[in-house]
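J.: below: sequence and its predicted model.
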2 protein chains.
Amino acid sequence: MRLAALLLALSAACSAQAQTPLPPEALRTADTLRAQALTDDTGYRIIEALTTEIGPRLPGSEADARAVAWAQARFESLGFDRVWTEPVTFPKWERRSEHASVLGTHAQPLVVTALGGSPGGTVEAEIVRFADFASLDAASPDEVAGKIVFLDFRMERTRDGSGYGAAGPVRSRGPSVAAAKGAVGFLMRSIGTSPNRVANTGMTRFEDGVTPIPAAATSLPDADQLVRLLERGPVQVRLALDCGFNGEYTSQNVIAELTGREAPDEIVVIASHLDSWDLGTGAVDDASGVGITMAAGHLIGRLPERPRRTLRVIAFANEEQGLIGARQYAERHADTLTTTHIVGAESDFGAGRIYAFNTSAKDASHPLTRQIADALAPLEIAFAPDDGSPGPDILPLAQRGMSWAWLGQDGTHYFDLHHNADDTLDKVDPDAVKQNVAAYSVFAYLVAESSERFPPSTTDGD
Amino acid sequence: MRLAALLLALSAACSAQAQTPLPPEALRTADTLRAQALTDDTGYRIIEALTTEIGPRLPGSEADARAVAWAQARFESLGFDRVWTEPVTFPKWERRSEHASVLGTHAQPLVVTALGGSPGGTVEAEIVRFADFASLDAASPDEVAGKIVFLDFRMERTRDGSGYGAAGPVRSRGPSVAAAKGAVGFLMRSIGTSPNRVANTGMTRFEDGVTPIPAAATSLPDADQLVRLLERGPVQVRLALDCGFNGEYTSQNVIAELTGREAPDEIVVIASHLDSWDLGTGAVDDASGVGITMAAGHLIGRLPERPRRTLRVIAFANEEQGLIGARQYAERHADTLTTTHIVGAESDFGAGRIYAFNTSAKDASHPLTRQIADALAPLEIAFAPDDGSPGPDILPLAQRGMSWAWLGQDGTHYFDLHHNADDTLDKVDPDAVKQNVAAYSVFAYLVAESSERFPPSTTDGD
């Protein structure tokens, strides 16, 4: 009877340990970190500095190099143990000028911006409207040849950004499909939700064998105007872009670490991207992520001792033109992504408050995930075991099996600013940044302090 | 005793008549008009057509002539008895291109727009900031010479637009004062309230003897950025404008009338301006006024009989560059402004709901004013005997003594759009337009139906 009781007690203890992989002192430290982060403005000050001192950071531009130097210096000033860069090479795309107008009896200018990857060129032609990508994809070349395709898809405003996914092929594939059918130009309603006169840029890609055509986006009010003009008859448009690829450029992923006190080879990654589009100052995309993750690392670095594992903060190069910094990181570190890389999370969805948390465990019974979720709950962050995905730059790593975590930000207003001129510092709420820093601090610290692992990612993009 | 009673009764009747100059049937017709206007979308359809078919209407541009032809045709289609134009001649100012950037270690582009009246030119110089016009006006030439003046005045958001008055000299006089002190360029925080990346244009004037300098406005986020950069040290800016005066142009005031059935020579004026700045499509400034006043005239014209007096609807030319159409109208019609011109009101403050009413009587006991106020009250329009002023184009007429009325619109959001690219149709609320049309219909009809006069204006600008 006593033996049975002893066995039962042992079993309960083991079970309790399995369900609580983090010691109480780690959870107490997380509480302290969370409270400190909520009164600390390091994150916002980093965002202010990057957007003010560097401004827009188009990959390959003069500002790209300035941003790399700035990030190195900032990491060093924030007390990290080790700061270095790793080269990232890509074709350099330049924007020089962009104009469009309606011609004829209703002549008037249109607000446009070239899509990244577009060639330059000036075309004048009638526009032909398609309501969505599928309609364009199904169109016969007769409908399109010699015309400017006007792809008029309306993105939905959502909290989780799912409207962006639904709009994806409009920009990424629309120009190539239009060109393959003989269109001379491509003009799309911006993928965005702003009612203002701003056009949203972003990358497009032409398939091999397709001759690229000038491709641009127009603002929502301008797209509405084109719809009204089409109700009155054929609409001739002039699209004049001076832009295009111009050689190669080598930028840098900027990386900083706090060296783990017990398991320095085990790496917890929190990331963002340093580059931005050139129309705004890249405040929500993604200076906010830079500020949030740098500040989280800084706060963890101010603790009396380093966490067990190494914390690695990465500011990736050239996310905007195809996750290029992340892809080259994934190649360079391929052999350790499922071994010493314990988990990765990226902040790249603006500066809205985090409302949900999950990991690649995608399993409500995974003990470390649950414990971290409990520690995030006071920040009004819900555990969402059926939800989430790796951030953009974590994706190439997760596709090679690295575990990931998702700290889901409220993106209700993100697409008012994303990739357009309105993405400036004044749109960033300092209090929301503090909540983000608190969440990243708690998450990164607890993973780094534990000796548990997450199940490997099985993601292929979700 | 009986005689005394009779005299008393007569006196009461006279007094009642003096206080109720409008017959009951006129008030009943006004009720009908008001109800019709609230279910009629003529006003919005006019705004839609002008902003869509013509778009921006910069005075002297190719679109100016199209707008004149459009307005004539529209008036004719709306059933007016007489439609004509009167020439308006002015120097033509052209905007061709505009660029600005911060130079040096924090190099980045700035969003700017040239001020109307600015010469072209490219200057590179350090900026010197002044918080308001008075500070610039008081500055010694030593502080300013060789520099670009950065006039950083912040306009207040108000319902009645009083923030615009306070900001007035910043744009109208700032460049001239800066030039007189030896500045090589002028850059101002936009007079506006939009947090978006839009710069607000508007007219400036250089005094005789002052050599004009390139003068532009920047958006509020850009002005904030300059303030943050100045905290870090001297800021070099490049301002490159291609714009300027280029000959003379003759546009037209477009005028339409419903001929009065009893007193055709007595004229009630409701007005707007047909021109706009070129950055948006001039939807709230002032296609809305065009739509509101055209629609009010149209609804009055659909009544079974014409009002006693003539109703004249005027779409003035070139308000934006100095009330030029109105000034030339005032000169041409100078001898009748205090005789056959009974009263004038202009809709030129956007498409917000009307919340207040007054006339140049500025006297709560003026009977016709009071009766009209009573007829407007169901539209949630308050009688404001201590408030109001003539609209911009009515001002030159009022300065020559013409009576005026004020139908005060809610301008809380007007300066988010005024003179910038965001002034497009989607910002116009069709229901608010209906309320405006109802108010103008009731006001214009009742004045036209009465035989009373308003006291002459003693205004000098307020």
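T.: All right, it came through fine.
J.: drop to CA atoms for contacts and neighbour counts, all remaining ones
T.: OK.
J.: show me what contacts residue A:279?
T.: Each residue near residue A:279 by CA atoms under 8 Å, 6 or more residues apart in numbering or on different chains is listed here: A:56, A:419, A:420, A:421, A:422, A:423.
J.: for the stretch 201-350 of chain A, which residues are neighbours of chain B?
T.: Taking CA under 8 Å from any CA of the partner chain, the part of the stretch 201-350 of chain A that reaches chain B is made up of A:221, A:225, A:228, A:229.
J.: I'd like those as JSON lines, with secondary structure appended.
T.: Converted to JSON lines, these look like this (DSSP: H, G, I helix; E, B strand; the rest coil):
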{"residue": "A:221", "secondary structure": "helix"}
{"residue": "A:225", "secondary structure": "helix"}
{"residue": "A:228", "secondary structure": "helix"}
{"residue": "A:229", "secondary structure": "helix"}
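J.: which of those residues count as buried?
T.: A:221, A:225, A:229 (16 or more other CA atoms under 10 Å in any protein chain shown).
J.: nearest to residue B:162, of these?
T.: The nearest member of those to residue B:162, counting by CA to CA, is residue A:221 at 28.7 Å.
J.: isn't residue A:382 up against residue A:356?
T.: Yes - counting by CA atoms under 8 Å, residue A:382 touches residue A:356, with 4.6 Å between them.
J.: who has more neighbours out of the two?
T.: Legend: neighbour count by other CA atoms under 10 Å in any protein chain shown for residue A:382 and residue A:356, higher for residue A:356 (23 against 18).
J.: output the contacting helices and strands for the helix or strand containing residue A:435.
T.: Element membership for residue A:435 (DSSP states H and E) is helix A:430-449. Counting contacts by 3 or more CA pairs under 8 Å, 6 or more residues apart in numbering or on different chains; DSSP states H and E, helix A:430-449 packs against helix A:24-37, helix A:42-49, strand A:263-273, helix A:288-301, strand A:309-316, strand A:354-359, helix A:367-376.
J.: can we see that at 6 Å?
T.: Helices and strands touching helix A:430-449, by 3 or more CA pairs under 6 Å, 6 or more residues apart in numbering or on different chains; DSSP states H and E, are helix A:24-37, helix A:288-301.
J.: let me have the buried ones among the residues of the stretch 201-350 of chain A next to chain B in CSV, adding pLDDT as columns.
T.: Formatted as CSV, those follow (pLDDT from 0 to 100):
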residue, pLDDT
A:221, 98
A:225, 98
A:229, 98
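J.: do you know how far residue A:151 is from chain B?
T.: Residue A:151 sits 20 Å away from chain B, taking CA to the nearest CA, to the nearest Å as the criterion.
J.: and residue A:122, how many neighbours does it have?
T.: Using other CA under 10 Å, residue A:122 is surrounded by 16 other residues.
J.: so it makes contact with residue A:240?
T.: Yes - taking contacts as CA atoms under 6 Å, residue A:122 lies within contact range of residue A:240: 4.1 Å.
J.: mean confidence for stretch A:267-281?
T.: On average, the pLDDT along stretch A:267-281 is 98.
J.: from the buried ones among the residues of the stretch 201-350 of chain A next to chain B, pick the one nearest residue A:257.
T.: Nearest to residue A:257 out of those is residue A:221 (CA to CA; 45.9 Å).
J.: let me see the contact set for that closest one.
T.: By CA atoms under 6 Å, 6 or more residues apart in numbering or on different chains, the contact list for residue A:221 is empty.
J.: the nearest residue to residue A:347 once chain neighbours are set aside: what's it in contact with?
T.: For residue A:347, ignoring the flanking residues on the chain, the nearest one in space by CA to CA, 6 or more residues apart in numbering or on different chains is residue A:289 at 4.6 Å. Taking CA under 6 Å, 6+ apart, we find residue A:289 in contact with A:272, A:347, A:348.
J.: same check on residue A:390?
T.: Shown in contact with residue A:390 (CA under 6 Å, 6+ apart): A:404, A:406.
J.: in which helix or strand does the residue nearest the centre of chain A reside?
T.: Nearest to the geometric centre of chain A sits residue A:348, at 3.4 Å (CA atoms, centre = their mean). For residue A:348, there is no host helix or strand (DSSP H and E).
J.: cool, residue A:278 as well?
T.: Counting by DSSP H and E, residue A:278 is found in no helix or strand.
J.: would you agree it is in contact with residue A:59?
T.: No - taking CA under 6 Å as the definition, residue A:278 is not a contact partner of residue A:59, at 8.9 Å.
J.: these two: which is more packed in?
T.: Shown here are residue A:278 and residue A:59; by other CA under 10 Å, residue A:59 has more neighbours (27 against 23).
J.: and the more buried one, helix, strand or coil?
T.: The three-state label given to residue A:59 by three-state DSSP is coil.
J.: so what's it closest to, chain neighbours aside?
T.: Among residues not flanking residue A:59 along the chain, residue A:318 sits closest, at 5.5 Å (CA to CA, 6+ apart).
J.: secondary structure of the one you found: a strand, I assume?
T.: No - under the criterion used here (three-state DSSP), residue A:318 is coil, not part of a strand.
J.: count of neighbours near it?
T.: 28.
J.: what about it, distance to residue A:164?
T.: Residue A:318 sits 20 Å away from residue A:164 when distances are taken as CA to CA, to the nearest Å.
J.: residue A:65 now?
T.: For residue A:65, the distance to residue A:164 equals 30 Å [CA to CA].
J.: give the buried residues for stretch A:425-443.
T.: A:425-428, A:430-443.
J.: now residue A:387: which helix or strand?
T.: Secondary structure from DSSP H and E places residue A:387 outside every helix and strand.
J.: for it, what are phi and psi?
T.: Note on residue A:387: backbone dihedrals following degrees, to the nearest 10 are phi -130, psi 170.
J.: I'd like the distance between it and residue A:375.
T.: Per CA to CA, residue A:387 is found 18 Å from residue A:375.
J.: who has more neighbours, the two?
T.: Using other CA under 10 Å as the criterion, residue A:387 and residue A:375 rank with residue A:375 on top: 20 against 16.
J.: how close does that one sit to residue A:405?
T.: Taking CA to CA, one finds residue A:375 at 14 Å from residue A:405.
J.: same thing with residue A:272?
T.: Remark: distance between residue A:272 and residue A:405 (CA to CA) = 13 Å.
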